[in-house]
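[1] using only what follows, build the 3D model:
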Amino acid sequence: MTKFYTAFYHARWAPSVFSDSNGQYIGFDQQVHTVSAGHAAQYTSFSGWDIYRSLIALKATLFPQETSDMAQSLVNDADQCGAIPHWVNDTVEDGVMPGDAGSLIVAGAYAFGARAFDTSGALKHMIKMANAPGTACNGVTTNGGRASYLPFGYITNGEWGQASSTLEYASSDCAISQFAGQLGNSTIQKMLLSRSAYWQNLLNASLLPPLIAARNSDGSWIAQTQSSTNNYVEGNAGQYTWMAPFNPVGPFAQLGGNTAAVSRLNAFFTVLNAGMSLPNFYMGDEPTFEVPWLYCRGYITGRVRRRARRTWSSRSWRTPSAQGRTVCPAMTTSARCRDGTCGGRWVFIRGYRVSAVSRSAVRSLRRSPFIWATARRCVSMRPVRPARSMCRA
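    Below is the predicted model:
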């Protein structure tokens, strides 16, 4: 319980309220604004690349109104600065980390139930950012690699970590596609659904084992090994090869089918906190958050249980520094992709499972945080049904 409540407490740290008690705040345009009717606060402290994968899903599930205010805050920022920022400190787009985390946060919040915000305004900004290279928030460009990503189907320049950032762009394309579809814009949904498959352009099947690898503008491959880090952000080729969380069916097929992929997963988990030097699971950073649950795709749910338990029990999470890279606070949460490989919609907090499908359970959890103490441990999974990928172009 100490581990659980420590993680849950950390998960409430950020994003944080920026507006004053009267609802006023300084905007990205350096003007005084007032929080619009129906919203309680303007938020800041969005460490986008760190929190879009799990923290926002958790918050949207348990605190949909607060998370709606967070999404609206990012839309407000975009209205004032020109694009949804991806790393917000006060009224500054710091531009930390690659990709379009802002769109992923807003679309993820909506997917998990936080829907009381300007969705049409959000989609308008997302469409511009996905299609107009150079779109910027107060001069800080989001998706700096779009200029090569759009014509080639992968990034060759303009972004840190051209191989891994191509996967980031594919993730945001998937998220925007699903968001647009929910809002009835089928044209954008179909266009970005197709683009979300661009991760396949970097899977070099000629390598043993196959890896996500960078390419030149002429289509030639850049030499990579499993431990290569030169074209990957805070990770290596072996770690990023699994990062298509919206379409786990795809990597399994490309890596030789269930038997071959599960065998590779087994080897991947022989080390649990590998850092960037070894091509194994790196529990101390975000890009491999979803990998334990890929066993669901291989219909081996017991290994999901064992991997999760080994991961979360491998450290003592009771000291101030024990929860690793608690970045606003990404490392306290770990989330399943909505309607992902296990056929359900789950949120995990350090091995504790919360069903977002059961509305009565979620209502109870919101009424009293102490009910969290009775949440079932991830000791068993529901019977697996065939996987349905969100963005399977």
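
[2] all contacts plus neighbour counts: C-alpha atoms, from now on.
    Noted.

[3] distance-wise, check residue 187 relative to residue 87.
    Counting by C-alpha to C-alpha, to the nearest Å, the gap from residue 187 to residue 87 is 29 Å.

[4] which one's more surrounded, those two?
    Higher neighbour count among residue 187 and residue 87: residue 87, with 23 against 12, using other C-alpha atoms under 10 Å.

[5] show me the contacts for that one.
    45, 46, 47, 48, 49, 93, 94, 95, 96, 97, 101, 102 (C-alpha atoms under 8 Å, 6 or more residues apart in numbering).

[6] can I have the buried ones of these as a ChimeraX selection?
    Selection of buried members from those for ChimeraX, criterion 16 or more other C-alpha atoms under 10 Å:
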select :45,46,47,48,49,93,95,97,101,102
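
[7] which one of the contacts of residue 87 sits closest to residue 62?
    Nearest to residue 62 among the contacts of residue 87, counting by C-alpha to C-alpha, is residue 46 at 18.3 Å.

[8] what bridges to the closest one?
    Note on residue 46: beta-bridge partners residue 88, judged by DSSP bridges.

[9] which pLDDT value goes with it?
    Residue 46 is assigned 96 on the pLDDT scale.

[10] what about the nearest residue to residue 234 once chain neighbours are set aside, how many neighbours?
    Closest residue to residue 234 apart from its sequence neighbours, by C-alpha to C-alpha, 6 or more residues apart in numbering: residue 276 at 6.8 Å. Using other C-alpha under 10 Å, residue 276 has 22 other residues around it.

[11] now do residue 263
    Using other C-alpha under 10 Å, residue 263 has 10 other residues around it.

[12] residue 161 versus that one, what's the distance?
    Going from residue 263 to residue 161 by C-alpha to C-alpha gives 28 Å.

[13] follow-up on the earlier one: helix, strand, or coil at the residue nearest to residue 234?
    coil (DSSP: H, G, I helix; E, B strand; the rest coil).

[14] please enumerate the helices of the chain.
    2-10, 48-51, 55-62, 64-81, 101-111, 119-131, 146-152, 162-182, 186-195, 237-240, 249-254, 258-268, 301-313, 359-367 (DSSP state H).

[15] distance from the chain centre to the longest one, please.
    Read it as helix 162-182. On the basis of C-alpha atoms, centre = their mean, to the nearest Å, helix 162-182 sits 10 Å off its chain's mean C-alpha point.

[16] I'd say residue 245 and residue 290 touch.
    Yes - here residue 245 reaches residue 290: they are 6.7 Å apart, a contact under C-alpha atoms under 8 Å.

[17] so which of the helices of the chain is nearest residue 39?
    The nearest among the helices of the chain, by C-alpha to C-alpha, is helix 64-81 at 5.8 Å.

[18] the closest one vs helix 55-62, what angle?
    Between the axis of helix 64-81 and that of helix 55-62 there is an angle of 130 degrees, by axes from the mean of the first three to the mean of the last three C-alpha atoms, to 10 degrees.

[19] helices and strands around helix 64-81, which ones?
    When contacts are defined as 3 or more C-alpha pairs under 8 Å, 6 or more residues apart in numbering; DSSP states H and E, helix 64-81 packs onto strand 43-44, helix 55-62, helix 101-111, helix 119-131, strand 136-137.

[20] CSV for the ones you listed, including distance to residue 223?
    Shown next, in CSV, are the helices and strands packed on helix 64-81 (distance: least, C-alpha to C-alpha, whole Å):
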stretch, distance to residue 223
strand 43-44, 40
helix 55-62, 35
helix 101-111, 28
helix 119-131, 29
strand 136-137, 32
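
[21] where does the stretch 201-350 of the chain dip in pLDDT?
    Along the stretch 201-350 of the chain, segments meeting pLDDT under 70 span 298-350.

[22] and with 80 instead?
    296-350 (pLDDT under 80).

[23] on that earlier part again, export the helices of the chain to TSV and tack on distance to residue 208?
    Converted to TSV, these look like this (distance: least, C-alpha to C-alpha, whole Å):
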stretch	distance to residue 208
helix 2-10	39
helix 48-51	30
helix 55-62	35
helix 64-81	42
helix 101-111	32
helix 119-131	34
helix 146-152	25
helix 162-182	18
helix 186-195	26
helix 237-240	11
helix 249-254	13
helix 258-268	12
helix 301-313	25
helix 359-367	45
